[in-house]
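*Asks:* below are the sequence and a predicted model; questions follow.
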Amino acid sequence: MLRELVARFSSTIAERRASVRRKYSVPIKVCFSPDKSPVRRAGPCEEAYLSGETCDASETGIGFEVSSIRIKERYLVGQDRLLNVELDLSGRKVRLTVRGVRYERVGIHLTNERYLIGAEIIEVNPEDQPAYTRFLKHGPMKGQATTSIIEVGVE
């Protein structure tokens, strides 16, 4: 009885510490952050990139689906690789720097193979911070596909 009460209390505390993940689906563009500059800033993805969709987002992380786990020969997740991400929010590009922390293959058939990437947000471009905060609070603006389900990370 006491053990069950402590377990419930611990899970309640864990729920409140985690950022609320909201299920929003918006177009996303992912590319590697340049390794050359000492200050890594989220910049535009002009060279090699992957397109996909977000699955969920929060203040501290983002989940997205893409068609491949790598761009050319470099994997998106691992070795503390930083990624530049561009979210398309009603025609406005919101740029983030993220670090891929996990991935999972989703899709049953080889023709439909996609990867779900979980990434930690390292930095939101300062000019885009208000737009990203508004997106988290209110979801995508009109003209975007939206699913406004709130999910708390309890397993």
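*Replies:* All right, it came through fine. Numbering: from 1, shown residues only.
*Asks:* gap between the spatially most central residue of the chain and E123?
*Replies:* Nearest to the mean C-alpha position of the chain, by CA atoms, centre = their mean, lies I62 at 1.9 Å. Using CB to CB, to the nearest Å, I62 is found at 12 Å from E123. The way it works is simple: take the backbone N, C-alpha and C, and place the C-beta from them, glycine included.
*Asks:* same deal with I28?
*Replies:* According to CB to CB, I28 stands 16 Å off from E123.
*Asks:* how about low-confidence regions in the chain?
*Replies:* Counting by pLDDT under 70, the chain has low-confidence residues at 1-3, 5-18, 35-46, 108, 110, 141-155.
*Asks:* what are the ranges of the helices in it?
*Replies:* For the chain, the helices defined by DSSP state H cover 2-17, 129-138.
*Asks:* which parts of the last one are buried?
*Replies:* With burial defined by 16 or more other CB atoms under 10 Å, the residues of helix 129-138 counted as buried are 131-132, 135-136.
*Asks:* what ranges do the strands span in this structure?
*Replies:* Counting by DSSP state E, the chain has strands at residues 21-24, 27-32, 50-57, 61-66, 70-71, 74-75, 82-89, 92-106, 114-124, 146-151.
*Asks:* need those in a markdown table with distance to E4, can you?
*Replies:* A markdown table is the format used below for these (distance: least, CB to CB, whole Å):
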| stretch | distance to E4 |
| --- | --- |
| strand 21-24 | 27 |
| strand 27-32 | 41 |
| strand 50-57 | 30 |
| strand 61-66 | 30 |
| strand 70-71 | 45 |
| strand 74-75 | 42 |
| strand 82-89 | 41 |
| strand 92-106 | 30 |
| strand 114-124 | 30 |
| strand 146-151 | 24 |
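*Asks:* and I121, how many neighbours?
*Replies:* Other residues lying near I121 total 18 when counted by other CB atoms under 10 Å.
*Asks:* so what's it bridging to?
*Replies:* V98 (DSSP bridges).
*Asks:* coming back round to it: so which of the buried residues of helix 129-138 is the closest to R92?
*Replies:* Using CB to CB, the shortest approach to R92 within these belongs to A131, at 5.9 Å.
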